[in-house]
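Asker: coords please:
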Amino acid sequence: MSNHLWAHSPNKQGLAQCLSDHQKAVGELASEFAGRFGANELGRILGNVHDIGKTNPDFQDYLRKASSPGTTCASKARPVPHSIYGGLVLKKIGQDPLAIVASAHHGGLEDLPDSKHKLAETVDVAWFKKALDSLDMDSISKAAIPQYANDRLTCEFLIRMLFSALVDADWLDTEAHFEPQKRSIRGSYATFDELWDAFSQDQERLIGETSRNAPSRVNKARCEIYEACLKAAEGEQGVYRLTVPTGGGKTRSSMGFALRHALKHNLDRIIYAIPYTSIIDQTADVYKSIFGEENVIEHHSALEVPPNVDEAQTELELRRQLAAENWDARIIVTTTVQLFDSLFSNKPSRCRKLHNLARSVLVIDEVQTIPIDLVQPILDVLKELVAHYGVTLVLSTATQPAFSGNSPYLKGFQPEPCEIVPNHAKYFDVLRRVDYRVESQPWTWEHVADEMRGQQQALCVVNTRKDALALFELLNDNDATFHLSTLMCPAHRRDTLEEIRRRLRDGEPCLVVSTQMVEAGVDLDFPVVLRAIGPLDRIVQAAGRCNREGSLGIGQVIVFTPEEGSNPRGTYKTAMSEAQKILSTPDCNLHSPEVFDRYFTLLWQDCDLDPKRITEKRKAFLYASVAQEFRMIADDTAPVVVHYGSPDLDNLLAVIKYKGSANRDEWRRLQSLSVSIWRSLVSKYEQQGFVKPVIEGLYEWTGVYNRQTGISTTECPDPADLVV
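Answerer: This is a model prediction of the structure:
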């Protein structure tokens, strides 16, 4: 390396990267990214000063030593901190919001008091003064924060988005230096015009098929809903509601809306967020079959692997991985957990993708599944995206929560979200496929079992895994009875669902006991469904597994109160109480979408919608605290690998243990054979001989794994069905 100032050590071609080139390139990229939300000059400034600390002679000496032949690992392990200095420059000239971003671009956004403490440092050394003299301080100091960021919440969110723009720009330019081959692989997706052509052709094919096979009333309703989506897509950007009953074809219709709306307003991407990994594959597969695998990016925990694996990948696999890092693709299919945890995170790797939410169509499927204790913080952020970042939001479900208005209990969307389907209530009658029967007296599990035995095919959905096991044990006297819960690994659940579907299709006996994991979108079609009393929206979602294709005329849904059942605590229990009140009223009509407006309005009154005071922490710019408090699901679980249908698992685990790590292929194989247990119980299970460690954070289940019910121990608590 010469005596120039360098940003990065030599790459595989032996070329180091000049600091001025890196800062300029990052500035241009960050300006482009931030320009999508009216902050291009702020992005440029951040890029131009973010690595000014690398002008420190000590840092330059570190780079030279790190790149010298024969340098020891010990000397390489002592880098010189540099990110704080860009923040100090910006703080010095009064650009406090930008200072927070620049100083955080490696370590992550901190709570404001901690950030202020670090930025209060005075640097009185020659190299820093020289660096300041090289900058146009006057123009930097005059750069203005966008006028829309005129209160604490909007300013807090702007800082998040600028942080995202800087981090992604920095990482992309660094990647281009060290791995230039990846630059050509990123991007190059089909245009929305091309995607629309593929979609409309496939839609015509489907309409032709369904006109021959589906009942005429169902086919007619689906076509009308689809046409309403295309018409509504010509409207202005804002908040829309797609209120469609089960079987109304909302997966395709919502994509039709998103494509036409993106074309109308020249938007950059479509992001489809789904609550359950149990249905994300099925939705992604539909879209991949239409648009091609290369144009649909899935991003959720089942597809995430440990970083820095170096085994060979195909170009398509690498493109998917790169696009998932920052959501730089036309169509993203992800989980609501991935989406919202990222929006409230403070970590560079999580926040990197956020700026690509700007100028997008964001579809939130099964929107009623947003956790009640996070409703207000999530709505606050969604409103921010719509108001200032060019996002059109689509709230899609058959059971719309009351997210509009401005009551003492909820600060919702104003004005009222626009209904995509006019007179949508009529389709709940047109597509009506079930009758509800609400039992007034509690039922014992024996009574439930007897009711199911009287049916050729029936599904019973209960509230907890403990209840599912209790009912299954009473029914399990033949090979036609099945159990579904997260005690079973994904491969086991998938095999069980395939056998259930085969029996349903062939008309064979089939009795299924399941937890709530089958309620939203899992493609099952029973003539009779029983549902233990639960939240009202969950009851209707369970009914979506009854007479799903409308081939029976009318199916039957029985709602009962378990005499000895166990109930989840907290807001779930509160929601059950509100459901019981509404079900007991004589005018209760679960086929009317209006009942859910009433139900959710009552629920918002009874529940604290922000018990961790996340919104107040956001107003105080407590980024690290917000990230710590905001959790869509508990993150205190550990994966245990079970012995199910994999004869070479012992050898695989032995290899991983010997290496001390798992590569990409190994990790994917393990995920399909893993069950989550609470970390607090890991040491207890080790002592009892149920688990043993494989590598850090990964365990092997050495207890009993039942071929029907999965992990066999009554002590394993019930982790959430949602997966990151």
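Asker: May I see the buried residues of the helix or strand encompassing residue 227?
Answerer: For residue 227, the enclosing helix or strand under DSSP states H and E is helix 216-232. For helix 216-232, a neighbour-count test (16 or more other CB atoms under 10 Å) marks 218, 219, 221, 222, 223, 224, 225, 226, 228, 229, 230, 232 as buried. No exception for glycine: its C-beta is placed from N, CA and C like everyone else's.
Asker: Please work out the average pLDDT along the one helix or strand residue 91 maps to.
Answerer: Following DSSP H and E, one finds residue 91 within helix 83-92. The pLDDT scores in helix 83-92 average 91.
Asker: now stretch 193-209
Answerer: Mean pLDDT, stretch 193-209: 88.
Asker: List of residues touching that stretch?
Answerer: Residues from elsewhere that reach stretch 193-209, judged by CB atoms under 8 Å, 6 or more residues apart in numbering: 190, 219, 223, 226, 252, 255-256, 259-260, 263, 289-292, 295, 330-331.
Asker: switch to 10 Å and redo it
Answerer: For stretch 193-209, the external contacting residues (CB atoms under 10 Å, 6 or more residues apart in numbering) are 189-192, 214, 219, 222-223, 226, 230, 249, 252-253, 255-256, 258-260, 262-263, 270, 286-287, 289-292, 295-296, 330-331.
Asker: Put the buried members of those residues into a PyMOL selection.
Answerer: In PyMOL, a selection of the buried entries from those looks like this (16+ other CB under 10 Å):
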select buried, resi 189+190+192+214+219+222+223+226+230+249+252+253+255+256+258+259+260+262+263+270+286+287+290+291+295+296+330+331
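Asker: how far out from the middle of the chain is the longest helix seen in the chain?
Answerer: Looking across the chain with DSSP state H, the single longest helix is helix 152-178. Averaging C-alpha positions (CA atoms, centre = their mean, to the nearest Å) puts helix 152-178 20 Å from its chain's average.
Asker: buried stuff in it?
Answerer: 154-177.
Asker: now the angle between helix 83-92 and it, please.
Answerer: With axes from the mean of the first three to the mean of the last three CA atoms, to 10 degrees applied, the angle from helix 152-178 to helix 83-92 works out at 140 degrees.
Asker: Could you look up the SS state of residue 492?
Answerer: helix (DSSP: H, G, I helix; E, B strand; the rest coil).
Asker: just to revisit the earlier point, and the next helix or strand past the helix holding residue 91?
Answerer: Taking DSSP H and E, what comes next after helix 83-92 is helix 96-103.
Asker: and that next one, what's its mean pLDDT?
Answerer: Here helix 96-103 scores 94 as its mean pLDDT.
Asker: picking that back up, who does the helix holding residue 91 touch, helix- and strand-wise?
Answerer: Packing partners of helix 83-92 (3 or more CB pairs under 10 Å, 6 or more residues apart in numbering; DSSP states H and E): helix 40-49, helix 96-103, helix 112-119, helix 126-133, helix 137-142.
Asker: Could I get those in TSV, plus columns for distance to residue 345 and mean neighbour count?
Answerer: TSV is the format used below for the helices and strands packed on helix 83-92 (distance: least, CB to CB, whole Å; neighbours: other CB atoms under 10 Å):
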stretch	distance to residue 345	mean neighbour count
helix 40-49	19	25
helix 96-103	15	24
helix 112-119	16	16
helix 126-133	31	14
helix 137-142	28	13
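Asker: Need those helices in CSV (columns: distance to residue 618).
Answerer: Formatted as CSV, these follow (distance: least, CB to CB, whole Å):
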stretch, distance to residue 618
helix 40-49, 20
helix 96-103, 14
helix 112-119, 11
helix 126-133, 32
helix 137-142, 27
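Asker: Tell me which of those sits nearest to residue 704.
Answerer: Minimum separation from residue 704 across these (CB to CB) falls at helix 112-119, 48.1 Å.
Asker: quick one, that closest one and helix 152-178 angle?
Answerer: 50 degrees.
Asker: So for helix 112-119, mean pLDDT?
Answerer: 90.
Asker: Just the CA trace of that helix, in CSV.
Answerer: The C-alpha coordinates for helix 112-119 follow below in CSV (Å, rounded to 0.1, in the frame of the first residue of the first chain):
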residue,chain,number,x,y,z
LEU,A,112,-29.8,9.4,22.8
PRO,A,113,-28.1,9.9,26.2
ASP,A,114,-25.4,7.4,25.3
SER,A,115,-25.0,8.9,21.9
LYS,A,116,-24.8,12.4,23.3
HIS,A,117,-22.2,11.4,25.8
LYS,A,118,-19.9,10.0,23.1
LEU,A,119,-20.5,13.0,20.8
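Asker: quick one: residue 677 and residue 700 touch, right?
Answerer: No - at 12.0 Å, residue 677 does not count as touching residue 700 under the criterion of CB atoms under 10 Å.
Asker: Which of the helices or strands spans residue 66?
Answerer: helix 57-67.
Asker: That helix: how far from the chain's middle?
Answerer: Counting by CA atoms, centre = their mean, helix 57-67 is centred 40 Å from the centre of its parent chain.
Asker: same for it, what does it pack against?
Answerer: Counting by 3+ CB pairs under 10 Å, 6+ apart, helix 57-67 packs on strand 6-8, helix 19-35, helix 73-76, helix 126-133.
Asker: Where among those is average confidence lowest?
Answerer: Among the helices and strands packed on helix 57-67, helix 73-76 carries the lowest mean pLDDT, a mean of 46.
Asker: Can you read off the pLDDT for residue 43?
Answerer: The model reports residue 43 with a pLDDT of 96.
Asker: For it, give me its contacts.
Answerer: 26-37, 98, 101, 161-162, 165-166, 169, 355.
Asker: How much space separates it from residue 160?
Answerer: 13 Å (CB to CB, to the nearest Å).
Asker: Could you do residue 137 as well?
Answerer: 26 Å.
Asker: Over to residue 384?
Answerer: Counting by CB to CB, the gap from residue 384 to residue 160 is 9 Å.
Asker: what do you get for residue 63?
Answerer: Distance from residue 63 to residue 160, by CB to CB: 31 Å.
Asker: Residue 86 now?
Answerer: For residue 86, the distance to residue 160 - CB to CB - is 18 Å.
Asker: can you check residue 132 too?
Answerer: 27 Å.
Asker: Identify the residue nearest residue 672 in space, chain neighbours excluded?
Answerer: residue 491 (4.3 Å; CB to CB, 6 or more residues apart in numbering).
Asker: what residues are up against that neighbour?
Answerer: Contacts of residue 491 by CB under 10 Å, 6+ apart are 642, 644, 645, 646, 669, 671, 672, 673, 674.
Asker: so which strand or helix has the nearest residue to the fifth one once chain neighbours are set aside?
Answerer: The shortest distance from residue 669 to any non-neighbouring residue, by CB to CB, 6+ apart, is to residue 652 (6.8 Å). Per DSSP H and E: residue 652 is located in helix 649-659.
Asker: Please save the CA atoms from that helix in PDB.
Answerer: Provided in PDB are the C-alpha atoms of helix 649-659 (Å, rounded to 0.1, in the frame of the first residue of the first chain):
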ATOM      1  CA  LEU A 649     -28.700 -37.300  11.000                       C
ATOM      2  CA  ASP A 650     -26.200 -38.800  13.500                       C
ATOM      3  CA  ASN A 651     -23.400 -38.400  10.900                       C
ATOM      4  CA  LEU A 652     -24.500 -34.900  10.000                       C
ATOM      5  CA  LEU A 653     -24.500 -33.800  13.700                       C
ATOM      6  CA  ALA A 654     -21.100 -35.500  14.300                       C
ATOM      7  CA  VAL A 655     -19.600 -33.600  11.400                       C
ATOM      8  CA  ILE A 656     -21.100 -30.200  12.600                       C
ATOM      9  CA  LYS A 657     -19.900 -30.800  16.100                       C
ATOM     10  CA  TYR A 658     -16.400 -31.700  14.800                       C
ATOM     11  CA  LYS A 659     -16.200 -28.500  12.700                       C
END
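Asker: Surely residue 259 is in a helix?
Answerer: Yes - assessed with three-state DSSP, residue 259 lies in a helix.
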